[in-house]
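Student: give the three-dimensional model of this entry:
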Amino acid sequence: KITTLRELMQQIEVEMTDEGLRITLTEEADRGFFESGSARLLAHGQQVVTKIGEILAPLGLDVAIEGHTDGKHFQAPDGYSNWELSTDRANAARRQLEVAGLPHENVAEVRGYGSTHPKFPQNLDDPRNRRIAIVVLDPFRPGKALHEGDSVGDSSVQDATEHLDEATQHAVDKAHEPQH
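Tutor: Numbering: from 1, shown residues only. Model prediction:
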């Protein structure tokens, strides 16, 4: 399990964007977060998304969840394609975040991009194009209207960044502990 944790850390990217804090879970050829061709989270995918949900839940910030696929043509006889798969994976992540305590009213958007926003456009079939992103939306981002009674509490995107940094460091420290 420690090896798995260390490997998973290489698949998680956290960055600040104009929209807010983006947490990206990127699949690899031999390590995915979902069953192949499915929106069913694997056990380690559930664990990672749950941990993120537990960190984000008390912050009271809105999130957007995105699903992305690689460019491999995928279409079932009933018309189910990468469009549906990416959206269904984003929704599966949303459900797991809510199970972990993220209030459903903090889910602002669920986005399915299919293969239209590749991380590696030079190789559309690269498995690392398959990913989900959880975007902690900046409550003060341009275009976000604050309404009377809206509250962002004492938390901010900076708080989320600090919590995620602490959780990441804790996971890295545990990965480097000697096995018994």
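
Student: report pLDDT for Met16.
Tutor: At Met16, the pLDDT value in this model is 93.

Student: what's the burial count for it?
Tutor: 13 (other C-beta atoms under 10 Å). No exception for glycine: its C-beta is placed from N, CA and C like everyone else's.

Student: give me the beta-bridge partners of it?
Tutor: As for beta bridges, Met16 partners with Leu21 under DSSP bridges.

Student: how near is it to Asn91?
Tutor: 25 Å (C-beta to C-beta, to the nearest Å).

Student: which SSE is immediately downstream of the helix or strand hosting Arg89?
Tutor: In this assignment (DSSP states H and E), Arg89 forms part of helix 82-99. Following helix 82-99 in sequence order, the next helix or strand is strand 107-112 (DSSP H and E).

Student: tell me what the helix or strand following that next one is packed against?
Tutor: Later in the chain than strand 107-112, the nearest helix or strand by DSSP H and E is strand 131-137. Judged by 3 or more C-beta pairs under 8 Å, 6 or more residues apart in numbering; DSSP states H and E, strand 131-137 is in contact with strand 20-26, helix 43-56, strand 63-68, helix 82-99, helix 157-176.

Student: okay, now the sheet partners of strand 131-137, with direction.
Tutor: Strand pairing for strand 131-137, determined by DSSP bridges: strand 20-26 (antiparallel), strand 63-68 (antiparallel).

Student: how about the contacts made by the closest residue to Arg94 other than its chain neighbours?
Tutor: Once flanking residues are discounted, Arg94 sits nearest to Ile65: 5.0 Å by C-beta to C-beta, 6 or more residues apart in numbering. By C-beta atoms under 8 Å, 6 or more residues apart in numbering, the contact list for Ile65 reads 90-91, 93-94, 97, 107, 109-111, 132-135.

Student: check Ala29 too.
Tutor: Pro127.
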